[in-house]
Each structure stands twice: as C-alpha cells, then as structure tokens.
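[1] Following is a predicted model, sequence given first.
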Amino acid sequence: MRNLLRFLWKYSNFVLFILMEVFCFYLVFQNNSFQKAGWINSSNAFAGNVFTTVNSIKEYFALKETNELLAAENARLRNQSLGSFAKFITTKTVINDTVIKQQYTYIPAEVVNNSVNRRNNYLTLNRGYKQGITNDMAVISSNGIIGYTKDVSANFCTVLSILNKDAKISAKIKRYDELGSLIWEGGDYRFGLLQDIGTHVKIAKGDTIVTSNFSDIFPSNIIIGTVESFVPREGGEFYNIKVKYSANLKNITHVYIINNILREEKKILEERSQHD
Amino acid sequence: MISVIFKHIIRFIFFIFLQVLVLNNIQFSGYINPYLYVFIILMLPFATPVWMVMMISLSAGLLIDMFQDTMGMHAAACVLMGYSRSFILKLFSPRDGYDSSTEPTLHYLGASWYFSYSLLLVLIHHFTFFFIEAYSADELLFTLTRMGLSLVFTMVLLFISQMMIYKPKELRKN
C-alpha cells in the first residue's frame, strides 16, 4: 500500500493528466451519443446571457435587412388562406375543427449565437423549456430549414445546424418525389450534398429540394434548396447532388421552432409495432 | 506575488473574452478559426507547478467549450498542451536554466526560441482539437488543411500579442 502511494505521489502529475483527459473524453463522448450533457454548452444561463447581450448590439446593424425580410414574409402570409394564416401566426391559436386537425405549431425565436466555419456547427436560440421547447424540434427560417433543437435549458436551446456532421435529413426532389438524404461534407456553408437519388431520374440544375414526408422532426415540403450541380458517383447508380441552401445560414436572426403535436403518438405507435 | 497572480487572472479573463466575442466570429472562407486563447497557457511563469498549469488549461478549455458547444474537445487539447509544456521547456532549456521568476516571452530568450516553443505547443493543441472534432481519418486532408490554416493565424496573432504586451528591454536601454 505504501509503495503504491509512493508510486502515485512520484507520478502525481501524470496521474492528474490521465484523470483530466478521461474526464474531457467522457464529456466528448457523452455529447456525441445524443444524450443531454446540460451544463457545458451554450444553452446554460451564463453563456446564454453573454450571447444575448452581444446579440442585442449586433441586431442594430441588421435592422434594415430584418425589416425587409419580415415585410416580405408578412406579405406572403396575407396572401395565404385564413386557415394556414391562423396556424402560422401564433402558438396560442388552436383551431377546433373536426375535419382538419392541427399538427404543427410555430414558435418564433431569435438566434443569439451562430457559427458556420466549424466542422460541427450549432446555433443558440432564446427559447427554452419554459416556452415549451423540447429536443428534436425542427427549426426553420422564412427561407428554408436550419436544423433541429438539441439541448434545452430554462430559457435557451441549442440547435444542431444542417452544417453538422451529425445532421442527416430526409429530403426529396419536389418535381419527382424522389427520396434521398442530405448531409454536409464541411467546407462551404452555402452548399450541401444530396445522396441516394438514382441516375434514372432526370434532374436539372435549379430543381427544388424539399423535406420528405417521412421525417419525425420536419413537416413535409419545407424548402431546403436548389440543385446546383450533379455528378454520378463511382458505380454510376446514384448521383452526388450539390445543393445550394435557400436559407443563408451565416446571417439568420429570426427563426421558427416547429412543434409536432402528433409526434409522440406516431413514435409510440411505431415502437409498439416494432416490439411485436 | 499577489500582483503577479492578479495580472494573470486579468489576462485569463481578457483572452477568454477576446476568443469568444471576437475571434470566434472571424469567418474566412469557412476554414479559419484562430485560437489565440492558448496564449494563456503559453505565458504562465516558468515556476508554475505542472499541476497548476494543467488546472488552468482545463478551466480555459472548458470555458471555451461552453461557448462553442464543443463539449470537452478544447479541454482535452488544452490539458495535453499544458502537460507537454514542462517537457518542451526542459527540451529547449538554455545551458544555465531558466530564471524562475520570469515568464516565457519573445524578448527573454529570443525570437527563434519563442517561435519553436510556441509552435510546438500550439501544434499539439490544434492537432488534438481538430482531430477530436473530426473524429475520423477519412477526412484527413480536409482536417489537416483546416488545422494548418488556423495554426498559421494563431501563430501570427500570438506574435502580435507578444509584441503588444511586453516592451522590449533592449530597445529601452538604447
């Protein structure tokens, strides 16, 4: 026992080093396995408040652009039918109708922190569980999809951006209903990669890419972007399609978080079928 | 002694905020993100015990992780860098050893000494961080490019900060 203690004392720095590294890698892997690590991320109160302060200053410089965007969106919403108008404008409106049942509610949120230049990018929004946010809710801007929520604290949540290694989004080509999956290979924040579209499909530059019907998180037919270029992959069966995102992920200030009311029901039903 | 500790605490806070509020928002071509905050670890006095260097590295790393949502990645890279510091100092030590009351600066042991000392440690930090971030070898070239570009920027900023913080003693004498 004494020898062991003497040994540990002699190499105390090395032991401390190993302990610290184990702790760090524990944090890294805990985060990667999609569990909540809650306390060391920008959704905690301290980081969130620092970002909010900085952001409230930054917002003044983007006021003109934000106004134009909001005005354009208002105009579009006014043109839409009464039903979808009421559905879009607030979370508090619940339409009691026996024919159409409301499935999605939209919660407006502000981006308080954002990045596009890392391999795995995240956003922080100023909404948390006090405002009814849970993890795995879709986040879109008025121009297209942004990502989905990951960690949630009282008043903030972090969003796993589509510019992330872990983001794999079920998408389709609107014109043909052809399903594929959208990933991001890093590098330029304006372009993503759509895979698994067969070479028999006659795609063209400019075709619209939207979310598919099979996602638990995203409502269907939300715009993602347009086809920029495409080349057949080795083997020639599938295309590698370069997609230009319609949302400018570098300059987003206002987004909507989408709550899928029927998600739990669908999930429970699917789990039950899998067990049988 | 108290004033030295106070000075280092002020620098610690300053460089963390500089990193989080300014440098993390620099976005050149989607590749470059300089990590100047490692300067906190580089400039600790020679006499700082290794365990204390590691504790400071861990806390700096965790603070940056908190703001970047990288969860332990910066902390792991910083702890490795802090632990390696003592070996690198031993490796480059001058014949009559270091004056333990001073800090490693550009003007104390010369530009070439400071360059090799900081380059090795920053390389250890960047290499660890970028590879944990990518956590796979199939993006090797892309990761190396990102690491290299960020490394160059960190080193440039490091030398600029060195020149701004420390006044050259030789010049003052003339």
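    Sure, I can see it.
[2] Neighbours of B:Ser101, how many?
    With neighbours defined by other Cβ atoms under 10 Å in any protein chain shown, the count for B:Ser101 comes to 9. For glycine as for every other residue, the C-beta is placed from the backbone atoms N, C-alpha and C.
[3] Likewise for A:Ile173?
    Summarising burial for A:Ile173: neighbours were counted as other Cβ under 10 Å, giving 21.
[4] Listing request: residues of chain A with sub-threshold pLDDT.
    Residues of chain A that meet the criterion pLDDT under 70 lie in A:31-43, A:75, A:78-102, A:276.
[5] What residue in it comes nearest to chain B?
    A:Leu27 (3.0 Å; Cβ to the nearest Cβ).
[6] quick one: contacts for the closest residue to that residue other than its chain neighbours?
    Counting by Cβ to Cβ, 6 or more residues apart in numbering or on different chains, the nearest residue to A:Leu27 once its immediate chain neighbours are dropped is B:Gly72, at 3.0 Å. Residues in contact with B:Gly72, defined by Cβ atoms under 8 Å, 6 or more residues apart in numbering or on different chains, are A:23-28, A:31, A:40, B:61-62, B:65.
[7] Can I get those residues in TSV including secondary structure?
    Converted to TSV, the contacts of B:Gly72 look like this (DSSP: H, G, I helix; E, B strand; the rest coil):
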residue	secondary structure
A:Phe23	helix
A:Cys24	helix
A:Phe25	helix
A:Tyr26	helix
A:Leu27	helix
A:Val28	helix
A:Asn31	helix
A:Ile40	coil
B:Gly61	helix
B:Leu62	helix
B:Asp65	helix
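[8] can you put the residues you listed in CSV and add neighbour count and distance to A:Glu73?
    Written out in CSV, the entries for the contacts of B:Gly72 read as follows (neighbours: other Cβ atoms under 10 Å in any protein chain shown; distance: Cβ to Cβ, whole Å):
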residue, neighbour count, distance to A:Glu73
A:Phe23, 15, 46
A:Cys24, 26, 43
A:Phe25, 15, 44
A:Tyr26, 13, 44
A:Leu27, 22, 39
A:Val28, 19, 39
A:Asn31, 22, 34
A:Ile40, 22, 36
B:Gly61, 30, 41
B:Leu62, 19, 40
B:Asp65, 25, 36
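[9] Secondary structure element holding the residue most central in space within chain A?
    Compute the mean C-alpha point of chain A, and by Cα atoms, centre = their mean the closest residue is A:Gly147, 1.4 Å away. Take DSSP states H and E as the rule and A:Gly147 turns out to sit in strand A:145-152.
[10] who does that strand touch, helix- and strand-wise?
    strand A:122-125, strand A:138-140, strand A:157-161 (3 or more Cβ pairs under 8 Å, 6 or more residues apart in numbering or on different chains; DSSP states H and E).
[11] what is the orientation angle of it with strand A:157-161?
    Following axes from the mean of the first three to the mean of the last three Cα atoms, to 10 degrees, one obtains 140 degrees for the angle between strand A:145-152 and strand A:157-161.
[12] now A:Glu68: how far from A:Thr253?
    In this structure, A:Glu68 and A:Thr253 are separated by 12 Å, where distance is defined by Cβ to Cβ, to the nearest Å.
[13] Need the three-state assignment for A:Lys244.
    When classified by three-state DSSP, A:Lys244 comes out as strand.
[14] Leaving out the residues flanking it, which one is nearest to it?
    Across the structure, with Cβ to Cβ, 6+ apart as the measure, the residue nearest A:Lys244 apart from its sequence neighbours is A:Glu228 (4.4 Å).
[15] Just checking: what are the partner strands of the helix or strand hosting the one you found?
    With the criterion set as DSSP H and E, the secondary-structure element containing A:Glu228 is strand A:223-232. Strand partners for strand A:223-232, identified by DSSP bridges, are recorded as strand A:208-211 (antiparallel), strand A:238-245 (antiparallel).
[16] most neighbours per residue, which of these?
    Using mean count of other Cβ atoms under 10 Å in any protein chain shown, the stretch among the strands paired with strand A:223-232 with the largest mean neighbour count is strand A:208-211, at a mean of 22.
[17] For that strand, which outside residues touch it?
    Under Cβ under 8 Å, 6+ apart, the answer for strand A:208-211 is A:145, A:169-175, A:182, A:194, A:218-227, A:243.
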